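Novice: Test case, fold it:
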Amino acid sequence: MSSSEIFTLSVDCMGGDHGPRVTLPACRRFLDKNPQARLCLVGLPEALAGFKHDRAQMVVASEVVGMDDPLEVALRRKKDSSMRVAIEQVKNGTAQAAVSAGNTGALMAIARYVLKTMDGIDRPAIAGQMPNFKGGGTTMLDLGANVDCTPQHLLQFAVMGSALVSVLQGGPSPTVGLLNIGEEAIKGSEVIKKTAELLRSAGEAGDLNYYGNVEGNDIFKGTVDIVVCDGFVGNVALKASEGLATMVSSFIRAEFSRSIFTKMAAIIAYPVLTSFKNRVDHRRYNGAALLGLRGLVFKSHGSADEVAFEQALNRAYDAARHQLLSRVQARIAHAAPLLAAAASGSAPEQVLNAAANE
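Specialist: All right, here's what the predicted structure looks like:
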């Protein structure tokens with residue numbers, strides 16, 4: 001990768017709870033900090049009219065996908081929405097990644113329709129980070145795209161998540177844990193038990209660094225680099241994490257509004273409370289990757305402020321300049337025999353033999 005190479009992101013400026021009021025200032029902050037970046041700002045012409053920057057191109061869209069729009073409306077009726085036009089910039093090669101804070105279901109449906117899924121992948125997954133007590137983030141997938149998952153789907157998620165973490169965090173062999181109600185192999189549903197067998201086979205074949213079962217508290221302890229689960233559980237965990245950050249912020253504000261003695265205690269504890277607040281601040285981890293597509297798409301939280309949306313732009317930019325797409329494809333290609341055997345319903349030992357014989 002050349003240090004002078006330019007990478008372009010397409011941004012759905014109309015998406016999210018706040019739209020251009022947040023996305024445009026965040027885009028300006030991002031451009032000011034990243035001189036090798038360009039942006040395609042997609043939105044209604046009147047919303048983009050006041051924005052000027054020598055590394056920003058305006059791309060007009062005539063429609064906006066609302067946060068409560070049904071999938072049918074977003075996908076079939078609003079064909080010139082800012083969300084869809086932003087994703088099309090990736091398909092036609094104008095941009096290397098797209099970012100939107102819009103309707104999650106619509107974003108996944110449109111991205112899958114426009115970009116299609118990679119060979120060997122049945123369902124794209126949403127992969128994002130949760131803050132952990134080590135001061136970093138635990139990558140978790142799926143965060144809501146797939147409520148019902150088979151063991152084969154969870155194996156695919158693990159392979160894609162490994163590629164993501166390797167690229168964005170620099171670890172050549174990130175550890176993968178399977179979310180369960182206990183560490184013991186006998187625990188969990190039949191889907192979880194079968195998934196564990198597949199992940200162990202993948203570990204033995206060299207496609208994953210499989211740790212084993214992990215529990216919910218391991219997400220925040222940072223026990224593993226990646227936690228794999230279905231989208232229902234993942235989304236619940238994500239919302240709980242965001243709720244914790246909100247609760248800490250509210251607690252700090254409340255303590256400073258009480259009696260003089262409480263205020264004094266709060267002042268003494270302020271550095272510790274602030275450090276903890278910053279550590280669990282979900283804005284630092286905003287920007288979830290839609291993995292498994294033939295193009296890079298990142299989802300920002302719908303309620304993101306300028307700081308959070310800028311972080312989503314940063315993650316998309318890092319993914320683009322570190323060639324995440326090609327590296328995910330390479331990881332999937334390496335694991336293709338294992339994925340194909342798992343998809344055919346072969347027993348774990350046959351899955352391992354298929355990978356070993358490749």
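
Novice: ok, then the element right after the strand or helix carrying residue 109?
Specialist: If you go by DSSP states H and E, residue 109 is part of helix 104-115. Tracing the chain past helix 104-115, the next element assigned as helix or strand by DSSP H and E is strand 125-131.

Novice: and whichever helix or strand comes after that next one, what other elements does it pack with?
Specialist: Towards the C-terminus, the helix or strand next in line after strand 125-131, according to DSSP H and E, is strand 137-141. Where contact means 3 or more Cβ pairs under 8 Å, 6 or more residues apart in numbering; DSSP states H and E, strand 137-141 is packed against strand 125-131, helix 151-169, helix 216-221, strand 226-228, helix 231-255. Yep, even glycine has a C-beta here, placed from its N, CA and C like the rest.

Novice: Check which residues of stretch 115-129 are buried.
Specialist: Of all the residues in stretch 115-129, those buried under the rule 16 or more other Cβ atoms under 10 Å are 115, 118, 120-121, 123-129.

Novice: Include pLDDT and distance to residue 285 when you put the residues you listed into JSON lines, please.
Specialist: Output for those, formatted as JSON lines (pLDDT from 0 to 100; distance: Cβ to Cβ, whole Å):
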{"residue": "115", "pLDDT": "97", "distance to residue 285": "24"}
{"residue": "118", "pLDDT": "92", "distance to residue 285": "25"}
{"residue": "120", "pLDDT": "86", "distance to residue 285": "28"}
{"residue": "121", "pLDDT": "90", "distance to residue 285": "24"}
{"residue": "123", "pLDDT": "90", "distance to residue 285": "23"}
{"residue": "124", "pLDDT": "93", "distance to residue 285": "20"}
{"residue": "125", "pLDDT": "95", "distance to residue 285": "17"}
{"residue": "126", "pLDDT": "95", "distance to residue 285": "13"}
{"residue": "127", "pLDDT": "95", "distance to residue 285": "11"}
{"residue": "128", "pLDDT": "92", "distance to residue 285": "7"}
{"residue": "129", "pLDDT": "90", "distance to residue 285": "4"}
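
Novice: Could you work out the most separated pair of those?
Specialist: 120 and 129 (24.7 Å; Cβ to Cβ).

Novice: wait, what's in contact with residue 221?
Specialist: When contacts are counted by Cβ atoms under 8 Å, 6 or more residues apart in numbering, residue 221 is found next to 132-134.

Novice: can we see that at 10 Å?
Specialist: Contacts for residue 221 (Cβ atoms under 10 Å, 6 or more residues apart in numbering) come out as 132-134, 138, 214-215.

Novice: same thing with residue 240?
Specialist: Contact criterion Cβ under 10 Å, 6+ apart gives 130, 216, 219-220 as the residues in contact with residue 240.

Novice: Please identify which pair of those lies farthest apart.
Specialist: Every pair in the contacts of residue 240 was compared (Cβ to Cβ); the two farthest apart turn out to be 130 and 216, at 10.5 Å.

Novice: Neighbour count: the two, which is higher?
Specialist: For residue 130 and residue 216, the more surrounded residue by other Cβ atoms under 10 Å is residue 130, and the numbers stand at 23 against 16.

Novice: and the more buried one, what does it touch?
Specialist: 137-140, 143, 219-220, 222, 227, 234, 237-238, 240-242, 244, 280, 282, 285.

Novice: Quickly list what's touching both of residue 130 and residue 216.
Specialist: Contact criterion Cβ under 10 Å, 6+ apart; residues bridging residue 130 and residue 216 by contacting each: 227, 237, 240.

Novice: of all those residues, which comes closest to residue 336?
Specialist: Of all those, the one sitting nearest residue 336 is residue 227; the distance, using Cβ to Cβ, is 24.1 Å.

Novice: For residue 96, see how far away that closest one is.
Specialist: Computed with Cβ to Cβ, to the nearest Å, the distance linking residue 227 and residue 96 is 28 Å.

Novice: Which one's more surrounded, the two?
Specialist: Just comparing residue 227 and residue 96: by other Cβ under 10 Å the higher neighbour count belongs to residue 227, 27 against 23.

Novice: Bridging across strands, which residues link to that one?
Specialist: Residues in a beta bridge with residue 227, per DSSP bridges, are residue 140, residue 177.

Novice: My read is that it contacts residue 237, right?
Specialist: Yes. Between residue 227 and residue 237 there is a contact under Cβ atoms under 10 Å: 8.4 Å.

Novice: anything in contact with each of these two?
Specialist: Taking Cβ under 10 Å, 6+ apart as the contact criterion, the common neighbours of residue 227 and residue 237 are 130, 138, 140, 179, 216, 219.
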